[in-house]
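Student: Sequence plus predicted model, see below.
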Amino acid sequence: MARYRGPQTKIARKFGDAIFGADKAFEKKKYPPGMHGANKRRKKQSEYGIQLQEKQKAKYTYGLLEKQFANLFEKATRKKGITGEILLQLLEARLDNTVFRIGIAPSRRAARQLVGHRHITVNGEIVNIPSYTLRPGDIVGVREKSKSLEVITESLSGRVNTYSWLEWDTEKLEGKFLSMPEREMIPENIKEQLIVELYSK
């Protein structure tokens, strides 16, 4: 399936936010990419342009394609509650995102690869679908044969982030998806209401 594999710093500069995590190159050049860079006089963005940019930012942050994102939004609209918050919860409940959040992988891109290569289990069964939606109580672990993989051991050795909706067992190399996170728990700088307004047109 098609996936963005280009320069991540360029995308981060486009949105003015280090959406792929710590990035030294982004810190040096926080202005938009292009030959005129920071000096380019940009026209005032339209309301539609601002909404579209926010959707694109969310797509790149979580690594989704256009159709996947639209389908997830449709799913969010069918659930009771605030659509924008439910959309972010569904994004956070993806298996690849959770593998990244609990520290098994250093990035969402690496997490997708680990899932796709059958290194990750859910409730003891191998799951190789990155978009798999976790439910509260699901156990995400590393397959026995994969526990010594360098990418996993290195990522776990530098594990610092802890999220209140996730629980980690260092001995078993397992994480538990406790509940859907509340909006204020999700650290991503995304204005989800703009996305809802875009799709509502």
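Tutor: Perfect, thanks for sending it. Quick caveat: nothing in here was measured; it's all calculated off a predicted structure. Numbers count the residues shown, from 1 in each chain.
Student: Please, which helix or strand holds the closest residue to F69 other than its chain neighbours?
Tutor: The spatial neighbour of F69 that comes closest, neighbours along the chain excluded (CB to CB, 6 or more residues apart in numbering), is K59 at 5.2 Å. Every residue, glycine included, has its C-beta placed from N, CA and C. K59 belongs to helix 47-62 when elements are defined using DSSP states H and E.
Student: how about low-confidence regions in this structure?
Tutor: 1-43, 161 (pLDDT under 70).
Student: Run a quick neighbour tally on the residue nearest to F69.
Tutor: 18 (other CB atoms under 10 Å).
Student: which ones are touching it?
Tutor: 65-66, 69 (CB atoms under 8 Å, 6 or more residues apart in numbering).
Student: Among those residues, which one is most surrounded by other residues?
Tutor: Result: F69 is most packed of these (other CB under 10 Å), 19 neighbours.
Student: which element follows the helix holding K59 toward the C-terminus?
Tutor: helix 66-77.
Student: Identify each buried residue in that following helix, please.
Tutor: 68-69, 72-73, 76 (16 or more other CB atoms under 10 Å).
Student: which residues of this protein fall in strands?
Tutor: 120-122, 125-126, 139-142, 166-169, 174-177 (DSSP state E).
Student: Can you name the residues in contact with the first one?
Tutor: When you say that, I think you mean strand 120-122. 95, 99, 104, 114, 126-128, 132, 134, 138-143.
Student: Please apply the same query to the third one.
Tutor: Counting by CB under 8 Å, 6+ apart, strand 139-142 makes contact with 95, 98-99, 102, 104, 119-124, 134, 149, 152, 172-177, all of which sit outside it.
Student: Tell me the strands beside it, with direction?
Tutor: strand 120-122 (antiparallel), strand 174-177 (antiparallel) (DSSP bridges).
Student: Identify the residues contacting the longest one?
Tutor: Meaning strand 174-177. Outside strand 174-177, the residues touching it (CB under 8 Å, 6+ apart) are 93, 98, 102, 104, 134-142, 165-169.
Student: Only the buried residues of that strand, if you could.
Tutor: For strand 174-177, by 16+ other CB under 10 Å, it's 174-177.
Student: Which one of those residues is nearest to Q89?
Tutor: Q89 has its nearest neighbour among the buried residues of strand 174-177 in F177, at 11.3 Å by CB to CB.
Student: So what pairs up with that closest one in the strands?
Tutor: L166.
Student: just to revisit the earlier point, adding distance to I195, write the strands paired with strand 139-142 out as JSON lines.
Tutor: Listed next are the strands paired with strand 139-142 as JSON lines, based on distance: least, CB to CB, whole Å:
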{"stretch": "strand 120-122", "distance to I195": "28"}
{"stretch": "strand 174-177", "distance to I195": "24"}
